[in-house]
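In: attaching a predicted model along with its sequence, questions to come.
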Amino acid sequence: MEVLLNKYRSNLIEVFQKADIQRMNILAESLLEVWQNKKQVFLCGNGGSAANAMHIANDFFYGTAKDFGNGIRVNALSSNQSVLTCLANDVSYDDIFSRQLRVLGQAGDMLIALSGSGNSANIIKAIETAKELDIKTFAILGYSGGKCLNLADVPIHFPIDDMQIAEDMQLIVGHMIMQWLRGKMFFST
């Protein structure tokens, strides 16, 4: 077990040290702008990334402003089981996020796609739809970054062939930005 723990920790540190801080900063500044302009943020992902989308949505909704006001208008597209199963059954699984964006999204909103591989058809379609709607797109990606690496306006890529660490990085980015946003708004009120 100790060998595994040391390897996991070593891989986590190594991939984080390669992180593109500039792109994370662009994401943070864009979230602040969306928040101040009362636009919406949408998150999407599959499996563990879907759970991370819901977790980060909660942090942006409540954690950013719990002491002084209203948080970000945010929606994890993976959170409504009725909508997801309806769209998957009646339309296709590839459309579960893009169809929601067509109803809920507006120009000036933001999409943050979470994906280990960057190749999930429903994530790709969500990004394509967001771009059609003039919604700025971000993607937090692992492995090679897949098709989303070149599709998202601002990809944040962690080149690691380990799904768990790729998903860890999604939460680390979300947590760091949530803390920065809370501090930024706290000192401006």
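Out: Right, received. Where do you want to start? Numbers count the residues shown, from 1 in each chain.
In: could you list the low-pLDDT ranges of this structure?
Out: Using pLDDT under 70 as the threshold, the predicted model of the chain has low-confidence ranges 186, 189.
In: just the strands from it, written as ranges.
Out: Counting by DSSP state E, the segments of the chain that form strands are 40-44, 73-76, 110-115, 136-141, 154-157.
In: nearest to Met169, of the ones you listed?
Out: With respect to Met169, and counting by Cβ to Cβ, the nearest of those is strand 136-141 at 6.7 Å. No exception for glycine: its C-beta is placed from N, CA and C like everyone else's.
In: so what touches that closest one?
Out: With Cβ atoms under 8 Å, 6 or more residues apart in numbering as the contact definition, strand 136-141 has outside contacts at 27, 30, 109-118, 123, 127, 130-131, 148-149, 151-158, 166, 169-170, 173.
In: now do 7 Å
Out: 27, 30, 110-115, 118, 127, 130-131, 148-149, 152-158, 169-170, 173 (Cβ atoms under 7 Å, 6 or more residues apart in numbering).
In: residue ranges for the helices of the protein, please.
Out: Taking DSSP state H to define them, one finds helices in the chain at 2-17, 21-36, 48-58, 81-90, 98-104, 121-132, 148-151, 163-188.
In: for the last one, which residues meet the burial criterion?
Out: Buried residues in helix 163-188, counted by 16 or more other Cβ atoms under 10 Å: 165-174, 177-178, 180-182, 184-185.
In: and if you look at stretch 104-121?
Out: Using 16+ other Cβ under 10 Å as the test for burial, stretch 104-121 gives 105, 109-120.
In: show me the beta-bridge partners of the most centrally placed residue in the chain.
Out: When Cα atoms, centre = their mean is applied to the chain, the residue found nearest the centroid is Ile112 (3.6 Å). Ile112 has these beta-bridge partners by DSSP bridges: Leu43, Phe138.
In: in TSV: the strands of the chain, plus distance to Ala19.
Out: Formatted as TSV, those follow (distance: least, Cβ to Cβ, whole Å):
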stretch	distance to Ala19
strand 40-44	19
strand 73-76	23
strand 110-115	15
strand 136-141	10
strand 154-157	8
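In: closest to Arg99 out of those?
Out: Between Arg99 and these, the shortest gap by Cβ to Cβ is with strand 40-44, which sits at 11.5 Å.
In: what angle sits between the closest one and helix 48-58?
Out: Our comparison of strand 40-44 with helix 48-58, counting by axes from the mean of the first three to the mean of the last three Cα atoms, to 10 degrees, yields an angle of 160 degrees.
In: same for strand 40-44, what does it pack against?
Out: Contact analysis of strand 40-44 by 3 or more Cβ pairs under 7 Å, 6 or more residues apart in numbering; DSSP states H and E lists helix 48-58, strand 73-76, strand 110-115 as its packing neighbours.
In: what is the first one packed up against?
Out: Right, the one you point to is helix 48-58. Taking 3+ Cβ pairs under 7 Å, 6+ apart as contact, the helices and strands that helix 48-58 lies on are strand 40-44, strand 73-76, strand 110-115, helix 163-188.
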